[in-house]
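*Asks:* the following comprises the amino acid sequence and a computationally predicted model.
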Amino acid sequence: MSTPPDTEPHELAFAIVAQGLCKSFGKPPKRTDAVSDVSLQVKPGQVTGLIGADAAGKTTLMRLIAGLLTPDSGSLSVLGMDVLSDPLAVQSRVGYMPQHFGLYEDLSVQENLDLYADLQGLPRPERPARYAQLLAMTKLGDFTDRLAGRLSGGMKQKLGLACTLVRPPRLLLLDEPTVGVDPVSRRELWAIVFQLVADEGMSVLLSTAYLDEAERCAQVILLHEGRVLGQGTPASFTEQLQGRVFGARREHGRRRNLQAELSATPAVLDAVIDGDQVRVLLQADTAPPGLPEVIWTAMQPRFEDAFVLRLQSLAPASQASVQTVQLSPAAPAQDDVRPASIIEVRELTRRFGAFTAVDAISFQVERGEIFGLLGANGAGKSTTFRMLCGLLPASSGQLSVAGVDLRRAAARARARIGYMSQKFALYEVLSVAQNLKFFARTYGLSRERQRTRIAWALDEFDLAAYRDSNCGLLPLGFKQRLAMACALMHEPDILFLDEPTSGVDPIERRAFWRRINQLADHGVTIMITTHFLDEAEYCDRLVIMSQGAILAEGSPKAVRAQSSSADKPNPTMEEAFIELISRPAAEAAHAKA
Amino acid sequence: MWQRIIALSIKEFQALLRDPRSRFVIIIPPLLQLLVFSFAATFDLNHVPLAVYNQDGSQAAQALIARFTGSQHFTLTAPIEREADIPQRINEQDALMVLNIGPRFEHHLLVDRPASVQIIIDGRNSNTAAIALGYASTIVQDFNTDWQQDHGLPALPSVMQTRAWFNPNLESRWFIIPGIVGLLMLVVVMVVTALSVAREREQGTFDQLLVTPLRPFEILVAKAIPGMVIGLLEATAIILLAVTVFAVPLHGSLLTLYTGIALFLLSATGVGLMISALSATLQQAVLGVFLFLVPAVILSGFATPIANMPPLVQDLTLINPLRYFMVILRSVFLEGSSFDGLIDQFWPLGVIGLSTLAFAGWLFRNRMH
């Protein structure tokens, strides 16, 4: 075998060239094409984003490029070398950080670095300088003695990156480095990536499911269900949308009602809540429709608009028609005279050993409200959520859901809530119909009601085609729909949703929120956790949690207003979040000093 | 309440039977184990390699050797020519036993002097050696008796007449197969029940169950039913095979047998659910099953008699459900014991079953997180 010439990065026209790449897993009928016929080119010395929802094929593509998987067909050259014929040569020049980087949690930060320096064979004399550089870049210098397992999510991610970079690679592959990381750490990670490109001339391929991150990349490759939907600069995606994106605003009334109204308008391709207004994507060459009292302002198109447009052109017609939720006639009565606040939490605390996960928080949720619980990983929102559902006993404090503490309440009280967990807790080997039937029976519906509700679910969520397939084999979006159908089987008064939209594509997210809004309009109370800050705008009220405490509470508008300052009069939710979250940290730092 | 329990039980069956892997686990390994254990696990020795050092070459010596070769227990290997070869043959495990017939064997017999034959045996496996020696001494004894009759010699003062009751031919298969019924039932029930809750915990579906109106008690009952039903079916299948294929007699009444099976299923399910409630992941559950299964089998009297164990260990076996079930199985199969005669085995099983189930229920409620 001939040794590939060790070309300098600037001599290469492309860092990665793939032609007709295919990779599938499993045997028919369970075969899934993770990557099908992918051709792409990645330029050296810049950040290229691999954008797509979960199961789009991002990780498979990354692993193919890193030489960890063999493609079924197609050619792939990385840094001018053929990955197929010489994967080891490629691997020695490529840094790959998988989604779950193998940090040794029982080793300290320094020991992890030492270990990876040994593994990558970095000569000892070079280590002190490289360590200093990496620790300065990741701001981990003060924590070298801390065990990796005790770092926050964002710090772990930065340490993983530092370990990958111990020996500077020519090409850096980052698989969803920002997933589950709070917005502050996300910004820091991006700053490090840009610094690497600027200082060391590194080529970076970074995958992400966050569409707003696409705009930070020099080049974007849009991946959907294993296929490339588009490739180019972020601007090239949005160019054609100039003059088609508007913000619509009405002085009174709920934003989500306006959104529903706009979505039903033929000229509107997409309508989402964005800050105080509704962001509208119009069909080409149409003027904003004349709706009463609506004020229109032109807006800059963003990457998500382009993605949605492309997905809509792919989607079958039926998917677009998820407009009208047919709630059954037995929707919760609006006029009963129970107290207005349906969830009450007072001084709620939960300790795990010496660690206080939730620290004396109080809030109330009113009937028919969409209430959001926001926070980074480890902020205590999941713990709060589990206590509300009765899955975890509180250490102290009071809580009541629909007048009772679900942990102590009779089983009957639990029939009033619906619960949808983060992982879409479905029985994977059971068919769609069997899952629905199981939950219908468990909630004690009569035979007649079981039949009508299952028929409703299959119809409403477009699941009829999958009726008899094992739900483990469903596409992610359909799993989410099925999980929601199961949670709604018994028409609960309160719906608990734990990060229901993580990983699903923007079209599914929109359909999901449309349903949630309609449920809320019918008087169902919705309690939701999310780490997508743009989704916070859909909530009527929300709390932002950090380190077990509530930082801010109120309507999205009020929360944003709390952090508005002279230089940022109209912060986005993400900016507000970062501002709020860094405040107490700054205070604590002062207190220590 | 029953609607919810039935709903969850149906789901459990669907989950077990729709998944090719679980289907495999509950059908194939028990079947294989039954066949392997029944054919392979036997205390009977056959075809012991025997080397003969025949220094006599007489007719009497040949007659004695013929008795050894004529028995199914021994197979002749190459004869030994020199005494010096004996150690080597034993050391290399070429022969398990050496029959050394002295040069004047027949002469001594004919002149009425004690004619001794030497038997050298490989004692590395004491169990095998003892059994082989037993066979050899029986053969030599038979040879003596026949020689006396043929040569008109006075009979020996006393002669032993043995009759083995319950198992006239002392076939060890009759002893082992009823035990295997208990062994396989325990394995299947443990796998089905112990993994059921742990699997749901790992997949996140257990939380989903807990927020439904299902009470911990109902989950417990619904999770116990599939294990018991599958255990019952499996037991029936193995008993049928034991009687038809392996011709083990079933003397007792089916009512007594199935009472024992039901009580044993109760306690096996209880232990399985206890392990399930304690483990947070599938891996822990598998480990838990393993940690329970091995001592449970060793301390059950399946292979080695409990009476031979040190007193402290004998006391320990009192909490082992398999111990009681072994007695029930063997008594019903071979003795045809009456229902009343087994009460002393039934009630401890019932107590173990109820207490483990109650504890599992308590764990469900208090180890939800």
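*Replies:* Yep, it's here. Residues are numbered from 1 along each chain as shown, chains lettered A, B, ... in the order given.

*Asks:* next, the residue in the stretch 51-200 of chain B that chain A sits nearest to: phi, psi?
*Replies:* With Cβ to the nearest Cβ, the shortest gap between the stretch 51-200 of chain B and chain A falls at residue B:200, namely 8.5 Å. No exception for glycine: its C-beta is placed from N, CA and C like everyone else's. Main-chain torsions, residue B:200, degrees, to the nearest 10: phi -70, psi -40.

*Asks:* is it true that residue B:1 touches residue B:221?
*Replies:* No. Counting by Cβ atoms under 8 Å, residue B:1 does not reach residue B:221; the two are 9.2 Å apart.

*Asks:* of these two, give the one with the bigger neighbour count.
*Replies:* In this view residue B:1 and residue B:221 are compared by other Cβ atoms under 10 Å in any protein chain shown, and residue B:221 has more residues nearby, 18 against 13.

*Asks:* count the residues that sit near the residue nearest to the more buried one when sequence neighbours are not counted.
*Replies:* Using Cβ to Cβ, 6 or more residues apart in numbering or on different chains and skipping the chain neighbours, the partner closest in space to residue B:221 is residue B:5 (5.3 Å). Around residue B:5 there are 21 other residues, counting by other Cβ under 10 Å.

*Asks:* element containing residue B:5?
*Replies:* For residue B:5, the host element (DSSP states H and E) is helix B:2-18.

*Asks:* helices or strands up against that helix?
*Replies:* For helix B:2-18, the packing partners by 3 or more Cβ pairs under 8 Å, 6 or more residues apart in numbering or on different chains; DSSP states H and E come out as helix A:432-442, helix B:20-40, helix B:216-244.

*Asks:* pick the most deeply packed of those.
*Replies:* helix A:432-442 (a mean of 24; mean count of other Cβ atoms under 10 Å in any protein chain shown).

*Asks:* next, the angle helix B:216-244 makes with that helix.
*Replies:* 120 degrees (axes from the mean of the first three to the mean of the last three Cα atoms, to 10 degrees).

*Asks:* mean confidence score for helix A:432-442?
*Replies:* Averaging pLDDT along helix A:432-442 gives 92.

*Asks:* which SSE is immediately downstream of that helix?
*Replies:* Per DSSP H and E, the first helix or strand lying C-terminal to helix A:432-442 is helix A:447-460.

*Asks:* any residues of chain B in contact with chain A? List them.
*Replies:* Contact residues (Cβ under 8 Å from any Cβ of the partner chain) of chain B with chain A: B:3-4, B:6-8, B:10-11, B:14-15, B:18-19, B:22, B:203-205, B:207-215, B:368-369.

*Asks:* before we move on, back to that, could you tell me how many residues sit around the residue of the stretch 51-200 of chain B closest to chain A?
*Replies:* Residue B:200: 23 neighbours (other Cβ under 10 Å).

*Asks:* can you tell me how far it is from residue B:13?
*Replies:* Between residue B:200 and residue B:13 the computed distance is 15 Å (Cβ to Cβ, to the nearest Å).

*Asks:* name the element the closest residue to residue A:219 other than its chain neighbours belongs to?
*Replies:* Distances taken as Cβ to Cβ, 6+ apart place residue A:48 nearest to residue A:219, at 4.4 Å, with adjacent residues excluded. Taking DSSP H and E as the criterion, residue A:48 maps to strand A:47-51.

*Asks:* and that strand, what other elements does it pack with?
*Replies:* Going by 3+ Cβ pairs under 8 Å, 6+ apart, strand A:47-51 lies up against helix A:58-65, helix A:183-200, strand A:203-208, strand A:219-224.

*Asks:* what segments of the stretch 1-150 of chain B are strands?
*Replies:* For the stretch 1-150 of chain B, the strands defined by DSSP state E, counting those that start in this stretch cover B:48-54, B:74-76, B:97-101, B:117-121.

*Asks:* the host helix or strand of residue A:527 - what's its average pLDDT?
*Replies:* Assessed by DSSP H and E, residue A:527 sits inside strand A:525-530. Mean pLDDT, computed over strand A:525-530, is 90.

*Asks:* name the strands paired with the helix or strand that it is followed by and say parallel or antiparallel.
*Replies:* Using DSSP H and E, the next helix or strand after strand A:525-530 towards the C-terminus is strand A:541-546. Partner strands for strand A:541-546, per DSSP bridges, with pairing direction: strand A:370-375 (parallel), strand A:549-554 (antiparallel).

*Asks:* just these: most buried one?
*Replies:* Compared across these, strand A:370-375 shows the largest average neighbour count, a mean of 25 (mean count of other Cβ under 10 Å).

*Asks:* please compute how far that strand lies from its chain's middle.
*Replies:* 15 Å (Cα atoms, centre = their mean, to the nearest Å).
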